[in-house]
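Trainee: Requesting a structural model of the entry that follows:
(chains A and B)
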Amino acid sequence: GESVGLHLPTLSVQEGDNSIINCAYSNSASDYFIWYKQESGKGPQFIIDIRSNMDKRQGQRVTVLLNKTVKHLSLQIAATQPGDSAVYFCAENRLGDYKLSFGAGTTVTVRA
Amino acid sequence: DAGITQSPRHKVTETGTPVTLRCHQTENHRYMYWYRQDPGHGLRLIHYSYGVKDTDKGEVSDGYSVSRSKTEDFLLTLESATSSQTSVYFCATFGTENTGELFFGEGSRLTVL
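Mentor: Alright, predicted model coming up:
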């Protein structure tokens, strides 16, 4: 089936810098793209999503960009903090499907 | 927080034994899911349910069965556990249908020796 993947398995970032986590997807029929954060020993938590008819959406310190031309999704975290250290997953969903497909995840480590 | 409770949180068992993992939710959500998480594979869907007694297979359903006799409970059963089923299992529900916001439980770590 269609799959969602992340470009890099790990990312090391200096505290205070901006982080960019990338994801490539293959299903052009997806309606929603979502980012999840998973801290050690916990379940994933929803961060932000974006509909396929948008190219940018901002949240608190996070921005998601969607480029449908090249099927690319990115999550930008501003002023990265130690609490941002986690595994980040992208996922995609199609309306009426109710089954999310997840990428393998990017582990973000914040250096003090 | 969608009030999702998984049990047991940790279990060690032997190959060939049956195992049942329980997911309980308090928000009356219609959709419930079981995922497994393994290094390098992210989250893979095992089975899901779209209502009481209504279930369907995910991408890695072989060796697993599920049941949903009540809205609040979704059970995952390994009839005869194998070492390849050693994993962390997550239950999830859809907070708002037709978006991407899944709520996850804290996970159940299963080790099959």
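Trainee: Going by C-alpha atoms from here, please, whenever you check contacts or count neighbours.
Mentor: Fine.
Trainee: contacting residues for A:T10?
Mentor: Contacts for A:T10 (Cα atoms under 8 Å, 6 or more residues apart in numbering or on different chains) come out as A:T106, A:T107, A:V108, A:T109.
Trainee: distance of the nearest residue to it once chain neighbours are set aside from A:G41?
Mentor: What sits nearest to A:T10 in space, not counting adjacent residues and going by Cα to Cα, 6 or more residues apart in numbering or on different chains, is A:T107, at 4.6 Å. Separation of A:T107 from A:G41 (Cα to Cα, to the nearest Å) stands at 14 Å.
Trainee: now do B:M32
Mentor: Taken as Cα to Cα, the span from B:M32 to A:G41 is 21 Å.
Trainee: Can you report how many residues lie near the residue of chain A found nearest chain B?
Mentor: Using Cα to the nearest Cα, the closest approach of chain A to chain B is made by A:A104 at 3.8 Å. By the criterion of other Cα atoms under 10 Å in any protein chain shown, A:A104 has 27 neighbours.
Trainee: ok, and the closest non-adjacent residue to it?
Mentor: Here the residue nearest A:A104, using Cα to Cα, 6+ apart, is B:G42, at 3.8 Å.
Trainee: Helix or strand: which one has residue 23?
Mentor: No chain in the question, so chain A it is. strand A:19-25 (DSSP states H and E).
Trainee: wrong chain, I was asking about chain B
Mentor: strand B:19-25.
Trainee: quick one: buried residues of the helix or strand that comes right after that strand?
Mentor: Following strand B:19-25 in sequence order, the next helix or strand is strand B:32-38 (DSSP H and E). Going by neighbour count (16 or more other Cα atoms under 10 Å in any protein chain shown), the buried part of strand B:32-38 is B:M32, B:Y33, B:W34, B:Y35, B:R36, B:Q37.
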